[in-house]
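Participant: fold the following, please.
(chains A and B)
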Amino acid sequence: MSLDIDPNTPLLWALRDHMSLKGTKYGCGIAQCGACTVWVNGEATRSCVLPISAVANADITTIEGLSDHGDHPVQVAWDELDVPQCGYCQAGQIMTAASFLKKKPNPSKTEIVDGMSGNICRCGTYHRIQEAVKLASEIASKKKTKSTVKKSA
Amino acid sequence: MKSTRRSFIQKTALFSGAFCLGFDWFQANGKEVSMVQTTMESGRFNAFLAIDPSGKIILYSPNPEIGQGIKTAFPVVVAEELDVDWKDVEVRQANLDTQNFERQLTGGSGALKHSWERLRKAGATARKMFIQAASQTWNVDASTCKTSKGFVLGPKGQKASYGSLVAIASKLPVPTEVTYKNRKDYQIIGKRTKGVDNKNVVTGKPVFGLDIEKPGMVIAQIIRPPFGATLKSFDAADALKMPGIVDVVSFKNKVAIVGKSTWEVMKARATVSCKYDSGDFDSDSTHQKWFDEGMKTDKATVQRKDGDFAAALARSAKVVEATYECPFISHSPMEPMNFFADVRADGTVLLAGPTQVPQSAQKAVASLLKIDEKKVEVELSKMGGGFGRRLNNDFALDAAELSSIIKKPVKVMWTREDDMGGGIYRPAARYHFKAGLDASGNMIAFYLRGVGINAGNATRQDNFPVGAIENVLVESVNQVSAVTTGPWRAPITNFLGYAEQAFLDEVAEAGGKDPVQMRLDWLARAKSNPVGKITYEPDRFIEVIKQAAEKSNWKKKPGVHQGFSVYFSHLSYVAQVADAQIVDGKAKITHVTAVTDCGEVVNLSGAENQIKGAIIDGMGHALYAKLRFNDGVASPTNFNGYRLIKGNEIPTINAYFVDNGIEPTGLGEPALPPTGGSIANALYAATKKRLYKQPFEV
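Facilitator: Model prediction:
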């Protein structure tokens, strides 16, 4: 993918305006709210302050690319527990959660609260966000067990 | 009431061969659902339900979805009475249709209250028609047939899907009399139903206003003047030379930078300088002076008077007096304001974007451009929050005016700084209370003066405990400012509720009463022998209070300091007990128990979301939020200075609902007003320090 635009353009606006990937949201523009969270080389990153010149040759994953069929354990858990109210911050929450779970597949309650507290939700869906991260970790570990069983069988 | 415009559509452009029952969700008079002609023209629909021969059910939901869950709750009620499986229902957002809808808006927590009966009737009517169709086919009496999950069941084991009955049912006359399900048979209402937009949200589909893209569209940002200031001149010479910039124009004291992409507009904007006139524009000190003057003036408006307050105060054994204050705050929805407008050469206008009041946008834009309202089409998008901010259509007017000037379709987007600095705030207010207690500690005199800045009447003069107190005087003063204000989730009561409930805690303490028992005693009085008119039902108040005391183990938790609060707003009752504990030497709210009477709970999942969300919202803003003013300019203007509550700062919350089967009332707002009071009272119990000003932690 190559773009002929100002190299200082923040990744957020490159995604939204030039690649028509609108799932990543603008919330504050100063890396405070987390609505713009994407993965850069697998790491959750605030795209609103990250110039595209800094991500040349990097591997970028947005909410649209998190799973092929909207069935990443975090997406499934978010729907199952009916997390969204207005929904605007949730792409950033989900990208943060999915990245967090890669590092901590079986997190404690405290680890979840700390891991998710950088993202603002104005509707106050925090309880369900925290519950959904837990559920997602359980879904993921069940999937893993299943695939292990399959392999050994 | 008989409906004269009853009609029934068999075939439409979109749903050939489908059963399409048009009905008016928003009929103004009475509770009859009239069956209206569905016009089904390009993209403009009535609310209706359609069932195709495969059994798929499509419902158009007209109300703007802002996170309150109405797009899910409305169809739940229809599907329940229609008696279908929820998984067979597909919900679509309807656009603005002023010919056939009324009250197509989001505000006042009034949608379900308004539409409950209509929604039930729509579902029940269709269900009856399928029963009639089946009974004719089977040649049995309709009364011997039943329905279950989209099937009609006959007396001898016959079974027919609604889909298979579409052709016959759609030729029947629409019945005028229907019966509703018994609530004990509900399959969907009261259960947990997931949001109909969840899948779109979790996969990042472009459903919000800011995601709108239209052919030929340009992007614009607007520089707005300080409050009260006039634009004298601006210099955009550098900006106009920058890549991607299409135009820089000025209208109504504003300067709009128009370009091809957001970043190019942002960069160019930073080079534009504006000069304003100088004047005595609002600062914090101005507001304090107005509060002081408002408290002293003898020209306050009397809002309510029962008995003789002054005489009763004079004979009181004890007087309690306190002043509470709340600042201007921003709505700060996560999606900043934005709107699309295309004012075309042929005289038609397309508006699209997030607004809580699409019809007002249509009217205001038609009036601005001096054209017929019928020429203005409005497409609704999902809203990334609003909290009242999107009740004001300034963003739609800006977009339309700019499009008419530049003669291009344009999406105006506000940066976070524009959104927080650009006005339409919650008004600021100061409240002064006085209570006169008799020798037994009973309140015999109650006084409230509310001084608001652009708040109109900053009191709610009929609110409890008014109605239970012999001598009452409520007065208001409104100070006019250039700082723009508007409704903020639970307008007025979101700050008045805190002040009142915190003051009543002082009254209880001064009178040596338990805050719960004191309120129950007053409500007994309001029930048996009310003073003047009362707007609340004492029994419903009493029930939430009793349940909250019981479920919170009121005053029976060692090491836990509790605060009580109860409020009636938007026709719902919410009692709260907040628990504070000392953690690392600091008082912290660790738990909130909330008991709500909003009548029938339509969607338990959505209802819990509204209660917990409103408590977190109320708590966060009471603890942290404040806008300051200096020479007409508000600050802070972003989340680095304006603190919103985060996930590691929330208490656990238990939300309970009174199970009484009364028709549903408001739920988006009512849990917010009692929150400031319950937490202020709990923090007082923990620290013995009263909190007279929001934000509590400055």
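
Participant: contacts only, for the most centrally placed residue in chain B.
Facilitator: Centroid-nearest residue in chain B, with Cα atoms, centre = their mean: B:G107, separated by 4.5 Å. Counting by Cβ atoms under 8 Å, 6 or more residues apart in numbering or on different chains, B:G107 makes contact with B:356-357, B:388, B:391, B:487. Placement of C-beta: from N, CA and C, glycine included.

Participant: let's go with 6 Å and repeat that
Facilitator: B:356, B:391 (Cβ atoms under 6 Å, 6 or more residues apart in numbering or on different chains).

Participant: and what of B:A499?
Facilitator: Residues in contact with B:A499 (Cβ under 6 Å, 6+ apart) are B:324, B:431.

Participant: would it be right to say that it lies in a helix?
Facilitator: Yes - if the criterion is DSSP: H, G, I helix; E, B strand; the rest coil, then B:A499 is within a helix.

Participant: near chain B, which residues of chain A?
Facilitator: A:9, A:13, A:17, A:22-23, A:27-30, A:32-33, A:35, A:63-64, A:70, A:75, A:78-79, A:82, A:84-91, A:113, A:116-117, A:120, A:122-124, A:126-127 (Cβ under 6 Å from any Cβ of the partner chain).

Participant: from the residues you listed, which ones fall inside helices?
Facilitator: A:13, A:75, A:78-79, A:90-91, A:113, A:116, A:126-127 (DSSP state H).

Participant: strands of the stretch 301-450 of chain B, start to end?
Facilitator: Under the criterion DSSP state E, counting those that start in this stretch, strands of the stretch 301-450 of chain B are mapped to B:301-306, B:318-326, B:338-343, B:349-353, B:376-380, B:410-413, B:428-437, B:443-453.

Participant: secondary structure element holding the residue of the stretch 551-698 of chain B found nearest chain A?
Facilitator: Chain A sits closest to B:I616 of the stretch 551-698 of chain B, with a gap of 3.1 Å, by Cβ to the nearest Cβ. Taking DSSP states H and E as the definition, B:I616 sits inside helix B:604-624.

Participant: that helix vs strand B:318-326, what angle?
Facilitator: 100 degrees (axes from the mean of the first three to the mean of the last three Cα atoms, to 10 degrees).

Participant: kindly export helix B:604-624 (C-alpha atoms) in PDB.
Facilitator: Only the C-alpha atoms of helix B:604-624 are listed here, as PDB (Å, rounded to 0.1, in the frame of the first residue of the first chain):
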ATOM      1  CA  LEU B 604     -33.000  -5.600  30.800                       C
ATOM      2  CA  SER B 605     -29.600  -5.400  29.200                       C
ATOM      3  CA  GLY B 606     -30.100  -1.900  27.800                       C
ATOM      4  CA  ALA B 607     -31.800  -0.800  31.000                       C
ATOM      5  CA  GLU B 608     -28.800  -1.800  33.100                       C
ATOM      6  CA  ASN B 609     -26.500   0.000  30.700                       C
ATOM      7  CA  GLN B 610     -28.500   3.200  31.100                       C
ATOM      8  CA  ILE B 611     -28.500   3.100  34.900                       C
ATOM      9  CA  LYS B 612     -24.800   2.200  35.300                       C
ATOM     10  CA  GLY B 613     -23.800   4.600  32.500                       C
ATOM     11  CA  ALA B 614     -25.800   7.500  34.000                       C
ATOM     12  CA  ILE B 615     -24.300   6.900  37.500                       C
ATOM     13  CA  ILE B 616     -20.800   6.800  36.100                       C
ATOM     14  CA  ASP B 617     -21.600   9.900  34.000                       C
ATOM     15  CA  GLY B 618     -23.000  11.800  37.100                       C
ATOM     16  CA  MET B 619     -20.100  10.700  39.300                       C
ATOM     17  CA  GLY B 620     -17.400  11.600  36.800                       C
ATOM     18  CA  HIS B 621     -18.800  15.000  36.200                       C
ATOM     19  CA  ALA B 622     -19.500  15.800  39.800                       C
ATOM     20  CA  LEU B 623     -15.900  14.800  40.700                       C
ATOM     21  CA  TYR B 624     -13.900  16.300  37.900                       C
END
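
Participant: distance from the chain centre to it, please.
Facilitator: 12 Å (Cα atoms, centre = their mean, to the nearest Å).

Participant: burial measure for the residue of the stretch 201-350 of chain B at minimum distance from chain A, as a count.
Facilitator: Distances between the stretch 201-350 of chain B and chain A by Cβ to the nearest Cβ are smallest at B:G204, namely 2.1 Å. Using other Cβ atoms under 10 Å in any protein chain shown, B:G204 has 24 neighbouring residues.

Participant: next one: B:K305
Facilitator: 14.

Participant: ok, the closest residue to it other than its chain neighbours - contacts?
Facilitator: Distance criterion Cβ to Cβ, 6 or more residues apart in numbering or on different chains; nearest residue to B:K305, sequence neighbours excluded, is B:L473 at 5.6 Å. Neighbouring residues of B:L473 by Cβ under 6 Å, 6+ apart: B:305, B:309, B:447.

Participant: who's in contact with the helix or strand where B:K275 lies?
Facilitator: Here B:K275 sits within strand B:273-276, counting by DSSP H and E. Residues from elsewhere that reach strand B:273-276 (Cβ under 6 Å, 6+ apart): B:223, B:225, B:229, B:231-235, B:255.

Participant: let's see it at 10 Å
Facilitator: B:223-226, B:228-239, B:250, B:253-255, B:631-632 (Cβ atoms under 10 Å, 6 or more residues apart in numbering or on different chains).

Participant: any of these buried? List them.
Facilitator: B:223-226, B:228-229, B:231, B:234, B:236, B:239, B:250, B:254-255, B:631-632 (16 or more other Cβ atoms under 10 Å in any protein chain shown).

Participant: what about these, which are in helices?
Facilitator: Among the buried ones among the contacts of strand B:273-276, the members falling in helices (DSSP H) are B:A239.

Participant: which of the buried ones among the contacts of strand B:273-276 lies closest to B:C326?
Facilitator: When those are ranked by distance to B:C326 (Cβ to Cβ), B:G632 comes first, at 20.7 Å.

Participant: do you know the pLDDT at the closest one?
Facilitator: B:G632 is assigned a predicted lDDT (pLDDT) of 97.

Participant: how far away is it from B:N638?
Facilitator: 19 Å (Cβ to Cβ, to the nearest Å).

Participant: now the helices: where do they sit in the stretch 451-600 of chain B?
Facilitator: Along the stretch 451-600 of chain B, the segments classed as helices by DSSP state H, counting those that start in this stretch run B:493-511, B:515-528, B:538-551.

Participant: pLDDT weak spots in the chain?
Facilitator: Here I'm looking at chain A. A:147-153 (pLDDT under 70).

Participant: my question was about chain B, not that one.
Facilitator: Applying pLDDT under 70 to chain B picks out residues B:1-48, B:97-103, B:698.
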